[in-house]
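A.B. asks: the sequence isn't on hand, but the structure is:
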């Protein structure tokens, strides 16, 4: 909306927060500077705790004139316009919509209101800007009848990344918050089999059904075998019939993805691709080449400057200071495959208890976290994001470049992670135990913390693979400081500057010589 990172938008970085009314959105610029007719339809979630919060309370329109069908929050499945107001319903009320569900189911209802807004603008010969915010796919996972049963015969399995991370083979990063005490690794196959049968299958059938409902509302379907010819005449068909298809910018995107049991997690809030790697699909026949693929990383703050520049608006009113960058030149270039291998963008968790921040470049992602060592993902070698390349000599230059970029912006963008902890590893300690299941080869599921408890420490002496896996627990670490950096309070430091912080366990582990612990 604003082209600003969440910490600069009031308290909108909190769930149920409010967007600062002094900020200008891209819609404000289109309306006030270019005379666009503007509307926001669907879920908003930027007006605090109001629920459902229809319209624009207290003049909070943020550049959107038509907000009758904008609601703040809530997980509603049916809507109905009653005289001059909108009534919301949860899924338990669906029986009162028998015979008219496809007119009132949330996705269908909101899409139809969006089409009505566009028709009105075109009839009045007005340029228009519409944000159509469809709440699905979202829990409660349910659909109207047609899509509820569409995938009932499909079998869905927990992804391998979920099974392996739940087994701690390999262990997930700490930001993933998988507790092996809750789901013992030795029981995972049985737990997953029960979950797939009793929960996951139905969850996924409804999830993809909700996605299909969105598809059918955007694109017409004339396919008797799929019984969907009655879904024709939706968004893209309407733009074509109104004669504005070629000079209308259409963007399909999202605020986040869903883990869907990748890495053993559901929902959002993770730096993994399943959660953070959202689509940004643009259709603009007049300027964007058909079939174009952009591999350069961008983030949500880049939306506002990109969409405005794509529409020919290159000068902005005073008070507009985008932190995002403009991607329009890359979108409109003649290259069908485009990649700026040196561009670095940033993403981070917000809210009251953030646990990670990330720098992204050319298929590499460096994630620093609240409790734990950094992770460097290499999507080119490891698209499933199972391996940590932070210690890889082949990745050293990439690691340093991303680390230094993160250090530069941690304070500049007020990343919440550094406000909730005083110490964050920017490099891995030189000597640290692996969190993976131990390679003991006797059928038992053991970890480094089991040494001296259920596994005799003498095994360290007799088995080199255990010493290499658990150097700290085996007491074989050398008394040498780690050569990298740690974020301490408000700056990055090395061991030679951290003597006064040796009362902290993380610093003692990172700087054993400086802290005289060995």
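C.D. replies: Nice, thanks for sending it over. None of the values given here were measured: they were computed from a predicted structure. Numbers count the residues shown, from 1 in each chain.
A.B. asks: what's stretch 337-345 in contact with?
C.D. replies: Outside stretch 337-345, the residues that touch it by Cβ atoms under 8 Å, 6 or more residues apart in numbering are 292-299, 302, 330, 359-362, 401-402, 405. All C-beta spots, glycine's among them, are computed from the backbone N, C-alpha and C.
A.B. asks: so of the residues you listed, which ones are in strands?
C.D. replies: Among these, DSSP state E puts 293, 294, 359, 360, 361 in strands.
A.B. asks: farthest pair in the residues you listed?
C.D. replies: By the measure Cβ to Cβ, 293 and 359 form the most distant pair in these, at 22.5 Å.
A.B. asks: which of the two has more neighbours?
C.D. replies: More crowded of residue 293 and residue 359, by other Cβ atoms under 10 Å: residue 359, with 25 against 9.
A.B. asks: wait, what's in contact with the more buried one?
C.D. replies: Contacts of residue 359 by Cβ under 8 Å, 6+ apart are 344, 345, 346, 365, 366, 402, 403, 405, 406.
A.B. asks: from the residues you listed, pick the one nearest residue 319.
C.D. replies: residue 346 (23.4 Å).
A.B. asks: assign that closest one to helix, strand or coil.
C.D. replies: At residue 346 the chain is in strand, as set by DSSP: H, G, I helix; E, B strand; the rest coil.
A.B. asks: neighbours of it, just the number please.
C.D. replies: Residues lying near residue 346 (other Cβ under 10 Å) number 22.
A.B. asks: before we move on, what about residue 246?
C.D. replies: 12.
A.B. asks: now it: which helix or strand?
C.D. replies: Taking DSSP states H and E as the definition, residue 246 sits outside all helices and strands.
A.B. asks: contact partners for it?
C.D. replies: Neighbouring residues of residue 246 by Cβ under 8 Å, 6+ apart: 285, 286.
A.B. asks: let's see 10 Å
C.D. replies: 239, 240, 283, 284, 285, 286, 287 (Cβ atoms under 10 Å, 6 or more residues apart in numbering).
A.B. asks: go on, residue 158?
C.D. replies: By Cβ under 10 Å, 6+ apart, the contact list for residue 158 reads 166, 188, 191-193, 195-196, 200, 204, 260-262, 264.
A.B. asks: equivalent analysis for residue 18, please.
C.D. replies: Residue 18 makes contact with 9, 10, 11, 12, 46, 47, 48, 49, 50, 60, 72, according to Cβ under 10 Å, 6+ apart.
A.B. asks: quick check: nearest residue in space to the fourth one, chain neighbours excluded?
C.D. replies: For residue 12, ignoring the flanking residues on the chain, the nearest one in space by Cβ to Cβ, 6 or more residues apart in numbering is residue 19 at 4.6 Å.
A.B. asks: which among the contacts of stretch 337-345 end up buried?
C.D. replies: The neighbour-count test (16 or more other Cβ atoms under 10 Å) marks 292, 294, 296-299, 302, 330, 359-362, 401-402, 405 as buried among the contacts of stretch 337-345.
A.B. asks: now the helix or strand of the chain with the lowest mean pLDDT: buried residues?
C.D. replies: Sorting the helices and strands of the chain by mean pLDDT, DSSP states H and E puts helix 145-148 at the bottom, at a mean of 90. Judged by neighbour count using 16+ other Cβ under 10 Å, the buried positions of helix 145-148 are 146, 147, 148.
A.B. asks: those helices in the stretch 251-400 of the chain, which residues are they?
C.D. replies: 273-276, 303-310, 328-332, 396-412 (DSSP state H, counting those that start in this stretch).
A.B. asks: which one, of the ones you listed, ends up nearest to residue 103?
C.D. replies: helix 303-310 (30.7 Å).
A.B. asks: average pLDDT for that closest one?
C.D. replies: Across helix 303-310, pLDDT averages out at 96.
A.B. asks: how about stretch 242-252?
C.D. replies: pLDDT averaged over stretch 242-252 gives 95.
A.B. asks: give the buried residues for it.
C.D. replies: If you call a residue buried by 16+ other Cβ under 10 Å, then stretch 242-252 has these buried ones: 245, 248, 249, 250.
A.B. asks: check contacts around the nearest residue to the last one once chain neighbours are set aside.
C.D. replies: Closest residue to residue 250 apart from its sequence neighbours, by Cβ to Cβ, 6+ apart: residue 283 at 4.2 Å. The contact partners of residue 283, by Cβ under 10 Å, 6+ apart, come to 236, 239, 245, 246, 248, 249, 250, 251, 252, 290.
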